[in-house]
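Asks: Just need the structure, nothing else, for what follows:
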Amino acid sequence: MTAEKIIPFAIERFERVLISYAKEITGDIESARDAVQETFLRLSRQDLVALEPRLAPWLFCVCRNCALDHRRKVVRFSSEPLDENHEAAEDSPAKNLMAVEDTQRLRGLVSQLPERQRELVNLKFEGDLSYKEMSEVMKMSVSHVGVQLHEALQTLRRLWNTEQKPVSTL
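Replies: Reported below is the predicted structural model:
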């Protein structure tokens with residue numbers, strides 16, 4: 001890919017997931033957007049062709065650092081959810097409602113994980129990063145990423161199966 005195409009590709013492919021990832025760190029959407037904007041600004045100053053093979057981990061690593069810097073500077077946190085454009089399948093409204101409820105429930109369970117495990121789950125399932133890429137972002141060994149992610153998934157599975165699911169009144 002040419003240098004001129006890398007930044008538009010990176011924005012299209014990673015902007016939304018980076019905002020979501022940064023929001024988990026900063027606690028609010030505006031700070032997350034600022035962190036992502038700073039990430040892409042820093043990307044524009046890099047040797048893009050040399051960076052391309054490891055673009056995803058580089059973006060997540062820089063975004064993480066920008067979000068952590070912002071969190072250190074700003075002490076306000078908000079609990080407003082990230083606006084998401086869910087493209088619902090053409091299922092029944094009841095199925096769609098159940099899917100939304102399950103997604104919200106899962107997000108709630110993920111929020112109960114320790115910070116490091118929560119970040120790994122987000123990098124894996126929202127960022128679609130490999131273990132090697134996650135190890136670069138989190139500055140930990142690939143095997144430790146695997147152990148931490150496995151523990152996180154086991155915890156989520158246990159919480160999902162033991163937590164009482166609210167009864168719907170449809």
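Asks: hey, where'd the helices end up in the chain?
Replies: For the chain, the helices defined by DSSP state H occupy 3-26, 29-44, 48-51, 55-73, 93-111, 115-125, 131-138, 142-162.
Asks: So this structure: which segments form each domain?
Replies: Following automatic domain parsing, one gets these domains for the chain: 3-73, 93-162.
Asks: I'd like the distance between the residue nearest to Ile6 when sequence neighbours are not counted and Phe40.
Replies: Setting aside the residues directly before and after it, Ile6 is nearest to Leu48 in space (C-beta to C-beta, 6 or more residues apart in numbering), at 4.4 Å. To be clear about C-beta, it is placed using only N, CA and C from the backbone, and glycine gets the same treatment. From Leu48 across to Phe40, the span is 12 Å (C-beta to C-beta, to the nearest Å).
Asks: Now for those two: what residues contact both?
Replies: The contact sets of Leu48 and Phe40 overlap at Ile7 (C-beta atoms under 8 Å, 6 or more residues apart in numbering).
Asks: residues in contact with Val121?
Replies: So Val121 contacts Val110, Leu113, Leu149, Ala152, Leu153, Leu156 (C-beta under 8 Å, 6+ apart).
Asks: I'd like the distance between the second one and Gln37.
Replies: Going from Leu113 to Gln37 by C-beta to C-beta gives 28 Å.
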